[in-house]
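Enquirer: I would like to see how this sequence folds:
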Amino acid sequence: MSGTESKVEFTISEMVESAAGKEPMRKSTRIFEQYLQPCLAELYGTTLFVFVGCASVMGNIGAFGVIQPAIAHGLALAVLIMLFGKISGGHFNPVVSVSVYLCGGMKLALLLPYILAQMLGSVLGAALTMGVFPDITYNAASGGSFVLPLTADLAKITLAETIMTLFLTLVVCMGAINKKTSTSLVAFCIGLTVSANILAGGGLSGACMNPARAFGPAAIANQWSAHWVFWVGPLCGALINVTLVRLLLGDQITRVWLK
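Expert: Numbers count the residues shown, from 1 in each chain. This next block holds a predicted model:
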């Protein structure tokens, strides 16, 4: 096809779009939808997720053990992924973003902005929780932050966080990125995984699985005891998951060998 024919064809296409009430997407609109809007979705979604998560912990003191936080975290995450999944992927978790990037599911240019948006959203969500609850309730629950006993075995807790995050990121990568196993029910599956992990490990480590979920409440409540556990454990779990998916479990597009 000649350059003239191509230009004529493009002009006709624009005329058809205009006649149908659709204008060609402007460059500024493309930039907004590809870069700014996804970061805003991660910011907004993480804010709501952390608010619900912290509120469920503070409203649960001495009542139902880990059942209420498990259901609240899982349901909130599933709903937010369904709402924002097609805008940002619905990560709301730095180690999920790392896993998705390393498995080929997002651009490198978005990785750091996503993580910054998630951290800021976490602080905003925790601040909103502090503003809603009475001081006595907020202080009794340490603002919904993760507080480990002084006698806690940090090595075992870090291992627990690693295993639970491995499970979570495996569901994300296999359910949303890997073409062979992807499913339209992935949001529901991720929410169920979070709930199951909290039911299983909530009494041991709090079942964080998400450095952003740990950071905001810790910053607002100034509660930094063994905070590193909730970064090291989830990050190790995410990296193990990426190794498994990239080498063994992924389809021909995702795997880096034996294609």
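
Enquirer: residues touching residue 191, list them.
Expert: 74-79, 81 (Cβ atoms under 8 Å, 6 or more residues apart in numbering). Where you see a C-beta, it was placed from the backbone N, CA and C, and this is true even at glycine.

Enquirer: most surrounded residue in the residues you listed?
Expert: For the contacts of residue 191, the largest neighbour count, defined by other Cβ atoms under 10 Å, is 27 neighbours, found at residue 77.

Enquirer: distance check, it against residue 52.
Expert: 9 Å (Cβ to Cβ, to the nearest Å).

Enquirer: which residue ranges of the protein form helices?
Expert: 3-19, 27-31, 37-58, 67-88, 94-102, 108-132, 135-140, 154-172, 186-201, 211-221, 229-244 (DSSP state H).

Enquirer: can you list the ones you listed in TSV and add distance to residue 148?
Expert: Listed next are the helices of the chain as TSV, based on distance: least, Cβ to Cβ, whole Å:
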stretch	distance to residue 148
helix 3-19	58
helix 27-31	43
helix 37-58	14
helix 67-88	16
helix 94-102	19
helix 108-132	18
helix 135-140	17
helix 154-172	6
helix 186-201	13
helix 211-221	11
helix 229-244	7
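
Enquirer: export these to a markdown table and append columns for mean pLDDT and distance to residue 256.
Expert: Converted to a markdown table, the helices of the chain look like this (pLDDT from 0 to 100; distance: least, Cβ to Cβ, whole Å):
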| stretch | mean pLDDT | distance to residue 256 |
| --- | --- | --- |
| helix 3-19 | 42 | 37 |
| helix 27-31 | 85 | 30 |
| helix 37-58 | 96 | 26 |
| helix 67-88 | 96 | 26 |
| helix 94-102 | 98 | 11 |
| helix 108-132 | 97 | 17 |
| helix 135-140 | 92 | 47 |
| helix 154-172 | 97 | 17 |
| helix 186-201 | 97 | 23 |
| helix 211-221 | 97 | 26 |
| helix 229-244 | 98 | 10 |
